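J.: Predicted coordinates and the sequence they were generated for:
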Amino acid sequence: MNILLVYPRFPDTFWSLRYALRFIRRDASHPPLGLLTIAALLPGEFDKRLVDMNVETLTEGDLAWADMVLISAMVVQRESVKNVIARCREKGLPVVAGGPLFTAEVEEFSAVDHLVLDEAELTLPVFLADLKAGRPKRVYRADGFCDIGQSPTPAWSLLKMKKYASMSVQFSRGCPFNCDFCNVTVLFGHKPRMKRPEQVIAELDSLYALGWRSSVFFVDDNFIGNKQYLKTRLLPALIAWRKGKKGFVFYTEASINLADDPELMRLMVQAGFDSVFIGIESPDEACLAECRKKQNTNRDLLQSVKIIQRAGLQVTGGFIVGFDNDTRSTFQRQIEFIQKSGIVTAMVGILNAPPGTRLFARLQGENRLISKITGDNVDGTTNIIPKMGIESLLEGYRTLMGHIYSPKHYYRRVKVFLKEFGVPRVKAPLTLQSFLAFFRSCFLLGVRGQERFQYWKLLVWTLLRKPRVVSLAVTLAIYGHHYRRICEMYILPKRKALPAGKA
């Protein structure tokens, strides 16, 4: 049987880094790890082909080759999903679907033949057994959570690796916290489940054997959910694995209480981690209490960020506006915090209520839900009725984004960060594309760009004051180009948008 695994296209978002990736001639940040894991779970006698629509086109030839199509997607990919399903229906191809989008919106996909939901390690084998017996059901759900110690090494061989900026691995699933707006615990539970260090090393070995030498994203929703296991098992194993190897800079997601554990930060840096995404959400204690972000309360958030930066870990941050406790002054407080913290990559979104969360249940009871979530962090929409009013919220959001991603304030923030940042222990090897990216940035940002003055000022300052992080300064300048384009195209008034198609 020919199995076609399809990953739908993402729209332009902050996360896509589409306009930054052009500098290094890559098409996507990360591969579809879920589908690669599913491919590894499929029987060996199946012929498998992967089409990631973020790096290649789903052709008529692909559909003609397939006997069955497996599709996985997140909410933000909804529109591309509908298009793929429609094309499959035209060809009479059976469609099997799973992933967060389908799990949250089962009733919306009547055109899908089989919905294999929850964790594939549990539901896919049952579906395959029923398919072999000739009696597959339409919907498969799991009771409880799987042992990810049994999860296979992803089928990396299906990838066109050179099209990606980073590879992805997963160490754990689940998060010990329960923020009101987050559906991670709905999908994966409160108790972190970990892979054995040997599993993670085997995955890294397989990537190394295929010639990968660049960055690797640990996709865990909270990498530090079990600190003791990290400190005694995984991180020592990673440190030992790195010896004699080039490349492999790691980054991940964690909670702010990472700042409370100097030993953990030291081991992460020694193991090759150089950045971490942290959900800050708001500098306002009332908002943090409202959304039950208890790990962020009763602490100096600004100081916690600085501690992590000084340890040698860049902090990228998630921020939210639209809480019930937000006021018109909230946007200025967010601006001040972001600028003072030196969080260069500040992902600010408008509050939405995903199905299954406590926030969704509360707002449903208050009759304040108005639509489905889009999962898009730049479309300026929300599925809730905000207390401050939608116009006030959107006006404040645009003001905030226009400020923090204007060249003047963005480059000022980069400098604040570089002053605090401890020099990373591990660097990705210099490649031809990264070398060329520097010259592309000199021309596109330093000559043609509206940020040309700030670009050269930052470059000179870094060369004189912190020459060991010049490549990081250039990388952040390139990221800023992407964030500004996204702001001007989708968030700020259209009259400020850059011409389509320009780098």
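T.: Looks like it came in fine.

J.: CA only for contacts and neighbour counts going forward, please
T.: OK.

J.: Flag every buried residue along the worst-scoring helix or strand of the chain on mean pLDDT.
T.: The helix or strand of the chain with the lowest confidence, counting by mean pLDDT, DSSP states H and E, is helix 184-188 at a mean of 89. For helix 184-188, the neighbour count (16 or more other CA atoms under 10 Å) marks 184-185, 187-188 as buried.

J.: Next, please give the residue ranges for the strands of the stretch 151-300 of the chain.
T.: In the stretch 151-300 of the chain, the strands defined using DSSP state E, counting those that start in this stretch lie at 166-169, 172-173, 193-194, 215-218, 250-254, 273-281.

J.: Tell me which strands the fourth one pairs with, and in which orientation.
T.: Right, strand 215-218. strand 166-169 (parallel), strand 250-254 (parallel) (DSSP bridges).

J.: Adding mean pLDDT and distance to Ile308 as columns, could you present the ones you listed in a markdown table?
T.: Shown next, in a markdown table, are the strands paired with strand 215-218 (pLDDT from 0 to 100; distance: least, CA to CA, whole Å):
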| stretch | mean pLDDT | distance to Ile308 |
| --- | --- | --- |
| strand 166-169 | 97 | 23 |
| strand 250-254 | 98 | 11 |
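
J.: rewinding a little: and the buried residues of helix 184-188, which is closest to Leu131?
T.: Leu187 (25.4 Å; CA to CA).

J.: Was I right to think that closest one contacts Leu117?
T.: No - Leu187 is beyond contact range of Leu117, at 10.2 Å (criterion: CA atoms under 8 Å).

J.: list the residues that contact both of the two?
T.: Common contacts of Leu187 and Leu117, defined by CA atoms under 8 Å, 6 or more residues apart in numbering, are absent altogether.

J.: about what we covered before: which one of the buried residues of helix 184-188 sits closest to Glu90?
T.: Nearest member of these to Glu90, counting by CA to CA, is Leu187, at 32.1 Å.

J.: quick one, domains of this protein?
T.: 2-140, 165-419, 428-496 (automatic domain parsing).

J.: hmm, back to that, could you say which of the strands of the stretch 151-300 of the chain is packed most deeply?
T.: Highest mean neighbour count among the strands of the stretch 151-300 of the chain (mean count of other CA atoms under 10 Å): strand 172-173, with a mean of 25.

J.: Determine how far that one lies from the middle of the whole chain.
T.: 15 Å (CA atoms, centre = their mean, to the nearest Å).

J.: which residues touch that strand?
T.: Contacts of strand 172-173 (CA under 8 Å, 6+ apart): 148, 188-189, 192-195, 220-223.

J.: now the strands: where do they sit in the stretch 1-150 of the chain?
T.: Using DSSP E, counting those that start in this stretch, strands in the stretch 1-150 of the chain cover 2-7, 47-52, 68-72, 95-98, 114-116, 139-140.

J.: Work out for me the element Gly317 sits within.
T.: Per DSSP states H and E: Gly317 is located in strand 314-321.

J.: Could you tell me the angle between that strand and strand 250-254?
T.: Counting by axes from the mean of the first three to the mean of the last three CA atoms, to 10 degrees, strand 314-321 lies at 30 degrees to strand 250-254.

J.: related to what we said a few turns ago, mind putting the buried residues of helix 184-188 into CSV with distance to Tyr397?
T.: Converted to CSV, those look like this (distance: CA to CA, whole Å):
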residue, distance to Tyr397
Val184, 25
Thr185, 28
Leu187, 29
Phe188, 31
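
J.: Go through the residues you listed and say which is closest to Leu393.
T.: Using CA to CA, these come closest to Leu393 at Val184, 25.8 Å.

J.: Could you pull up the residues touching that closest one?
T.: Counting by CA under 8 Å, 6+ apart, the residues that Val184 touches are 174-175, 221.

J.: Top of these by number of neighbours, please.
T.: Cys175 (25 neighbours; other CA atoms under 10 Å).

J.: separation between it and Lys132?
T.: 36 Å (CA to CA, to the nearest Å).

J.: Pick the most buried one from the strands of the stretch 1-150 of the chain.
T.: Taking mean count of other CA under 10 Å, strand 114-116 is the most buried of these, at a mean of 24.

J.: Direction included, what does that one pair up with?
T.: Counting by DSSP bridges, the strands paired with strand 114-116 are strand 95-98 (parallel), strand 139-140 (parallel).

J.: who's in contact with that strand?
T.: 95-98, 102, 106, 123-124, 127, 136-141.

J.: Counting neighbours, what do you get for Lys306?
T.: So Lys306, with other CA under 10 Å, has 21 neighbours.

J.: which strands and helices sit next to the helix or strand harbouring it?
T.: Assigned by DSSP H and E, Lys306 belongs to helix 301-310. Under the contact criterion of 3 or more CA pairs under 8 Å, 6 or more residues apart in numbering; DSSP states H and E, helix 301-310 touches strand 314-321, helix 330-341, helix 407-420.

J.: and with 7 Å instead?
T.: With contacts taken as 3 or more CA pairs under 7 Å, 6 or more residues apart in numbering; DSSP states H and E, helix 301-310 sits against helix 330-341, helix 407-420.

J.: Show me what counts as buried in the last one.
T.: To tie it back to what came earlier, the one meant is helix 407-420. 407, 409-418, 420.
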